[in-house]
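# dropping a prediction and its sequence here:
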Amino acid sequence: MLFRVLGRIDLVPTNGNPLVISSKKKQALLATLLVDNGNWVRTDELIDTIWGERPPKSAAGSLKTYVWQLRTITSQAEGREVIETCRGGYRINLGREEVDMLLFEDGVLAGAGALNRGEPSAALAGLESACRLWRGLPFADLEIWHAEAQSTWLTELWLVAQQALARARIATGAAAPAVAGLRQILADHPLIESLHGLLMLGLYRSGRQAEALAAFTRIRALLDAELGLSPCAELRELHRDILRQAPRLDSTELSLSAFGGVPKAVATGYAVR
């Protein structure tokens, strides 16, 4: 069974269709337990997360009902209960392969590490697989403080994953898919210069020099209009190199290391969440 929080919360049995958790309160309960996978969460903390500062008198009883309902769903779908009970709390205890956000995290960290070692081919499949798990913003439609830090971390990691994926594609000769992916990301993150730099490199490596130069013109105008700034030195250097078709633009090393490469904390598998 796969528990999914990258997008709308649901769970997918080993042999079956996704099972939607319709109640927002049950979604909040499941999300809170998944964020603390393997650890006990106090009953009062769960009540606070689900109902806020002024829970009803029936909250403790309702919580027990929600736990029973989730247990019933997992038991019927997979033949096992995954929520454990102790005096004063509950926990869910799943393997990392059973939670999409943990699979995503492991895949991105492994792929970024491969890029950092100069192994783009090894990185590509893992990064593509990890990114396919992403269905939308983590814990979609839920506003629970308990998941805020995890949601922020996952969203930041997704952006790192997209840049790492673009680097791996460009380095392995798949510049056209890299360009398509980068343009989608830039629609939501138009001021990230490293994305524009990778787009320029991808366009150039696709044989589209004029489009690469036009991409620089756009980001230069955008930075000036929005922030009153000029493109960074590395972006300006890339522009000059594209103008003169510098040999370094065809190197694998450039696609892996340009604009700082993959953040060290991610490439080494160390990140504080």
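Done, it's in. Remember, it's a predicted structure, so these values are computed and weren't measured experimentally. Numbering: from 1, shown residues only.
# of all the residues in stretch 69-89, which ones are buried?
For stretch 69-89, a neighbour-count test (16 or more other Cβ atoms under 10 Å) marks 70-71, 73-74, 77-78, 81-83, 89 as buried. The way it works is simple: take the backbone N, C-alpha and C, and place the C-beta from them, glycine included.
# from these, which land in helices?
Among the buried residues of stretch 69-89, the residues falling in helices (DSSP state H) are 70-71, 73-74, 77-78.
# ok, Leu30 touching Arg8?
No. Counting by Cβ atoms under 8 Å, Leu30 does not reach Arg8; the two are 11.8 Å apart.
# show residues contacting the helix or strand harbouring Pro177.
In the assignment (DSSP states H and E), Pro177 maps to helix 175-188. Residues from elsewhere that reach helix 175-188, judged by Cβ atoms under 8 Å, 6 or more residues apart in numbering: 159, 162, 165-166, 169-170, 192, 195-196, 198-199, 201-203, 205-206.
# how about the strands in this structure?
Under the criterion DSSP state E, the chain contains strands at 2-4, 10-12, 19-20, 41-42, 83-86, 89-92.
# nearest to Ala210, out of these?
Nearest to Ala210, of all those, is strand 2-4, at 42.4 Å by Cβ to Cβ.
# ok, of the contacts of helix 175-188, which come out buried?
Among the contacts of helix 175-188, those buried by neighbour count (16+ other Cβ under 10 Å) are 162, 165-166, 169-170, 192, 195-196, 198-199, 201-203, 205-206.
# hang on, the earlier thing: ok, which pair from the buried residues of stretch 69-89 is furthest apart?
Among the buried residues of stretch 69-89, Ala77 and Gly89 lie farthest apart (Cβ to Cβ), at 24.2 Å.
# ok, Leu30 and Arg8, which is more surrounded?
Leu30 (27 against 17; other Cβ atoms under 10 Å).
# and the more buried one, how close does it get to Thr152?
19 Å (Cβ to Cβ, to the nearest Å).
# quick revisit: out of the contacts of helix 175-188, which is nearest to Ala225?
For these, the nearest to Ala225 is His196 (14.4 Å; Cβ to Cβ).
# quick check: nearest residue in space to that closest one, chain neighbours excluded?
Nearest residue to His196 in three dimensions, chain neighbours excluded: Ile219, at 4.3 Å (Cβ to Cβ, 6 or more residues apart in numbering).
# so that neighbour sits against Ile192, correct?
No. Taking Cβ under 8 Å as the definition, Ile219 is not a contact partner of Ile192, at 9.5 Å.
# tell me who's in contact with the closest residue to Ile50 other than its chain neighbours.
Of all residues not flanking Ile50 in the chain, Ala28 sits nearest, at 4.8 Å (Cβ to Cβ, 6+ apart). Counting by Cβ under 8 Å, 6+ apart, Ala28 touches 49-50, 142, 144.
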